[in-house]
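Colleague: got a predicted structure plus its sequence, pasted below:
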Amino acid sequence: MKDFNDYVNAYKKQLQIGDIQEAYAGLVKYVTKLGTTLSKNLSKSYSFGSLFQGYMDYTYFYYSNKFLKDRKLKMGLVLNHPKMQFEVWLLGQTIPIQERYWEYFKNTKWNKNRTTKPQYSILETILIENPDFSDLDRLTKQIENHLIQVTSEIIEDIKRSKLK
């Protein structure tokens, strides 16, 4: 079994290569620009929050609208680093709100094959499974289109739930 020093040495080797720093900085820069673009393009539908870089696990920002805020809910656009995919998460402001909405959403298509509530959210769904970072403009458009569609579907499900 490795000890902490072994991990630090492996980390140091990877840092000396330099690829991780370049990739991470590029990903954070892209998600920052993505948030700015979505904020500009979708400002009539949603308000967008600041970027959270995470710890090489998730880079994300929140977005919401009046309907979601009235229910103490918000959405997150998440770059899941270990899986290298973009996801949309539905989040509640407090644990009781998360639990109440989890009870409804655990039996919907959004949590299919899931037996326990996600650690940080009510639901997590894949937006772009294998993003192609070679054409960032095209990727941004894909994310925007999928985000609009998925968020609308989730909001419709919230409306059907009649939860407040």
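Modeller: Looks like it came in fine.
Colleague: only the buried residues of the lengthiest helix in the chain, if you could.
Modeller: Looking across the chain with DSSP state H, the single longest helix is helix 136-161. By 16 or more other Cβ atoms under 10 Å, the buried positions in helix 136-161 come out as 139-140, 142-143, 146-147, 150-151, 154-155, 157-158. C-beta here means a position set from N, CA and C on the backbone, and glycine is covered the same way.
Colleague: just stretch 80-99 next, same as before
Modeller: Buried positions in stretch 80-99, judged by neighbour count with 16+ other Cβ under 10 Å: 80-81, 86-92, 97-98.
Colleague: contacts only, for Y62.
Modeller: When contacts are counted by Cβ atoms under 8 Å, 6 or more residues apart in numbering, Y62 touches 48-49, 74-76, 91.
Colleague: show me the beta-bridge partners of the most centrally placed residue in the chain.
Modeller: In the chain, the residue lying closest to the centroid (Cα atoms, centre = their mean) is V78, at 2.0 Å. Beta-bridge partners for V78, by DSSP bridges, are Y60, E87.
Colleague: tell me the mean pLDDT over stretch 14-28?
Modeller: The average pLDDT within stretch 14-28 is 94.
Colleague: and if you look at stretch 66-84?
Modeller: What stretch 66-84 shows for mean pLDDT is 97.
Colleague: ok, the residue nearest to the centre of the chain - contacts?
Modeller: Each residue near V78 by Cβ under 8 Å, 6+ apart is listed here: 58-60, 86-89, 124.
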